[in-house]
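1. Turn this into a model:
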Amino acid sequence: MAGRTSKKQLILDYRESRALAQAGERELRLIQKDLRDRLGASPPSLSYIASVLRQAGTQVGYEDRYTDPAIPPSYAGRLEGVVRFHDLATAEDALVKIDAVCRDCRAAADHAGVRLARKLVLRGKQRAESLARSGRVSAGKRLEKREIATWFRIWLESPDLFFGWLEVRKQTEEFRMLFASGSAKASGEEPTGA
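-> Residues are numbered from 1 along each chain as shown. Prediction:
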């Protein structure tokens, strides 16, 4: 693999060679075609290309269920990269942060901020659902992602009741059986009693 340029670097090189400050779906498809021609293999997805460009500072006008929505600078400090759910704890942390921003925006009658917060949670829910269905993800992680998708769905339906519901949910026998043992999650095995 020595001397071989990564897909990410090829995307960044393309960006630099064309001084790409903005990119829409058309530009993303051109980059994808360029990578297909250069690599002779399956190119990365549009969402991956969009993420690489966005991280490099390009304004990207493209969204799908796998890309985070464009976050205006006024919200970036509090919302950029907040939707993470590697496990139940990071999912709960993400919801705490997004909920705080949403409440602040609601109090300030900032409807755009509320919509953005909800959009981030919706995108997280969609990703978690997708991972929960993926055969490439271990059984234990699929179970965890289903639970996280449920959390995100409940927050979207009833944000004011969510954290009370979550505390009750975490005290149920079912939850404790499924998630109290970190060893089942780490090994990818189905927890006992599932």
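
2. Counting neighbours, what do you get for residue 54?
-> For residue 54, the count of nearby residues is 18 (other CB atoms under 10 Å). Any C-beta I mention is one placed from the backbone N, CA and C, and that applies to glycine too.

3. On the three-state scheme, it is what?
-> Following DSSP: H, G, I helix; E, B strand; the rest coil, residue 54 is assigned to helix.

4. mind checking pLDDT for it?
-> We have a pLDDT of 84 for residue 54.

5. can you check residue 117 too?
-> pLDDT, residue 117: 94.

6. pretty sure it belongs to a helix, no?
-> Yes - Residue 117: assigned to a helix according to three-state DSSP.

7. Tell me how many other residues crowd it.
-> Neighbour count for residue 117, taken as other CB under 10 Å: 27.

8. got it, and the one 10 residues further on?
-> Using other CB under 10 Å as the criterion, residue 127 is surrounded by 19 other residues.

9. swap in residue 90?
-> Neighbours around residue 90, by other CB under 10 Å: 13.

10. Can you give me the domain boundaries for this structure?
-> Per automatic domain parsing, the structural domains of the chain span 7-61, 77-187.

11. Residue 69: which of those is closest?
-> Among those, domain 77-187 comes nearest to residue 69, with 5.2 Å by CB to CB.
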